[in-house]
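Novice: here's a sequence, model it:
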Amino acid sequence: MNYMISGKNIEVTEALKQKIEDKFERLSKFLNDDTHVHVTFSVQKLQQRVEITIPIKGTILRTEVEDHDMYVAIDKAIDILDKQVVKYRSKLKDKHRHDNTFKEEFLKELHDTELDEEVHNELKISKIKTFDVKPMAREEAIMQMNLLGHDFFVFRDMDSTGERINIIYKRKGGTYGLIDPEY
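Specialist: Next comes the predicted model:
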């Protein structure tokens, strides 16, 4: 795998690099050797953070874990990625799609194994809501989201030309984000 390892407010030591490579041995049985893995280590106050991103055709596997110990954060992040790979594998099986990110042996198992009931249930939609998407300003959308007590809000953006569908969401640290899809 191709590792791109960087650090923010932390020097990336050989021991950290080695820990990442050792831990990715677990996932190397699933992913091809030319898969890109982006790892960012950072320190904020007393919290150690590791962010791992693996771009895969059609999706992105990503995790962000904080802990007081960087090595514990790495362990937790790899556990999360392991679960994401299993979910993505079941998605491939359900949709009968394949891409060249995964090794052939791994893809052959898709047709030979049954989906784990727990994973299958996690992928089911349990409720569908239909609602009118009203045109409003971004600030009004934030206010509506807060009044509803939700972490996100879908609205038609009056600030953009053509009143495009946007999503406003709460970010860690109390700030807000805006998703403005390209059409």
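
Novice: got the domain ranges for the protein?
Specialist: Residue ranges for the domains of the chain, per automatic domain parsing: 2-122, 135-179.

Novice: avg pLDDT for the first one?
Specialist: Throughout domain 2-122, pLDDT has a mean value of 78.

Novice: same check, this time on the last one
Specialist: For domain 135-179, the per-residue pLDDT values average out at 86.

Novice: quick one: that domain to chain centroid distance?
Specialist: 21 Å (CA atoms, centre = their mean, to the nearest Å).

Novice: center of this structure, which residue is that?
Specialist: By CA atoms, centre = their mean, the chain has its centre lying nearest to R62, at 3.5 Å.

Novice: please name the spatially closest residue to that one (chain neighbours excluded).
Specialist: T53 (4.7 Å; CB to CB, 6 or more residues apart in numbering). From N, CA and C alone the C-beta is placed, and that goes for glycine too.

Novice: any idea how many residues pack against the one you found?
Specialist: Residues within reach of T53, counting by other CB atoms under 10 Å, total 16.

Novice: contact partners for E51?
Specialist: Contact analysis of E51 by CB atoms under 8 Å, 6 or more residues apart in numbering lists H38, V39, T40, S42, R62, T63, E64.
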